[in-house]
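K.L.:
here is a sequence together with a model predicted from it:
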Amino acid sequence: MYALRIDPDATVTDLNLPATDAHIAIQEHVGSDAVDQGVYHRRAVLHIHGNGLKLGFPQNLAAWALASAWRGMPLYPLAGPIVITGRTTSGDTAALDNDLAQHAKAVAQTVRDTLTEWRERPPASNEAAIKELLAYAARDIASSGQ
């Protein structure tokens, strides 16, 4: 089953999860038996470390920007490695559709590029940074189709 892993450094890795016991492979990639599921797009699930923020894992800006753009509003912080799978209409885990994988890859690249630019030209404030990242993520999703 096709899925993606997004790491806190905005690296995206293609995954081929087993058809049976995919949840075990997801737990291994996320690094926890306590995996929360976030539905920010009707055809996708973000599998998130259940205690990542409490344990002090680095924020995952790429996954956050993607989920926020899919939802159309800034969301709470996401931390640690995150696995994205597809989702059936009944809510079961499925292979990630190609268009949603393209969204994730485009947003992650934009986050990497933006963070590099911010080293030279820091945003005026955290609020400005959030608005900038969300605008770029929304653009990436719109340009690759929804």
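P.N.:
Great, that's in hand. Residues are numbered from 1 along each chain as shown.

K.L.:
only C-alpha atoms from now on, for both contacts and neighbour counts.
P.N.:
Will do.

K.L.:
in the protein, which spans are helices?
P.N.:
22-30, 61-71, 98-120, 126-143 (DSSP state H).

K.L.:
most tightly surrounded among these?
P.N.:
Ranked by average neighbour count under the criterion mean count of other CA atoms under 10 Å, these are headed by helix 61-71 at a mean of 25.

K.L.:
just checking the distance from that helix to the centre of its chain.
P.N.:
6 Å (CA atoms, centre = their mean, to the nearest Å).

K.L.:
still on that earlier bit, tell me which of the helices of the chain lies nearest to Asp7.
P.N.:
Evaluated over these, closeness to Asp7 peaks at helix 61-71, with 8.1 Å, by CA to CA.

K.L.:
just the CA atoms of the closest one, as PDB, please.
P.N.:
Taking Å, rounded to 0.1, in the frame of the first residue of the first chain, the C-alpha atoms of helix 61-71 are listed here in PDB:
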ATOM      1  CA  LEU A  61       6.200  22.200   9.600                       C
ATOM      2  CA  ALA A  62       5.700  20.400   6.200                       C
ATOM      3  CA  ALA A  63       3.000  18.100   7.600                       C
ATOM      4  CA  TRP A  64       1.400  21.000   9.500                       C
ATOM      5  CA  ALA A  65       1.400  23.300   6.400                       C
ATOM      6  CA  LEU A  66      -0.100  20.400   4.300                       C
ATOM      7  CA  ALA A  67      -2.800  19.600   6.900                       C
ATOM      8  CA  SER A  68      -3.600  23.300   7.400                       C
ATOM      9  CA  ALA A  69      -3.900  23.900   3.700                       C
ATOM     10  CA  TRP A  70      -6.100  20.900   3.200                       C
ATOM     11  CA  ARG A  71      -8.300  22.100   6.100                       C
END
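
K.L.:
turn the helices of the chain into JSON lines, including distance to Ile48 and mean pLDDT.
P.N.:
Converted to JSON lines, these look like this (distance: least, CA to CA, whole Å; pLDDT from 0 to 100):
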{"stretch": "helix 22-30", "distance to Ile48": "7", "mean pLDDT": "94"}
{"stretch": "helix 61-71", "distance to Ile48": "10", "mean pLDDT": "96"}
{"stretch": "helix 98-120", "distance to Ile48": "15", "mean pLDDT": "96"}
{"stretch": "helix 126-143", "distance to Ile48": "20", "mean pLDDT": "93"}
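
K.L.:
perfect, I'm done here.
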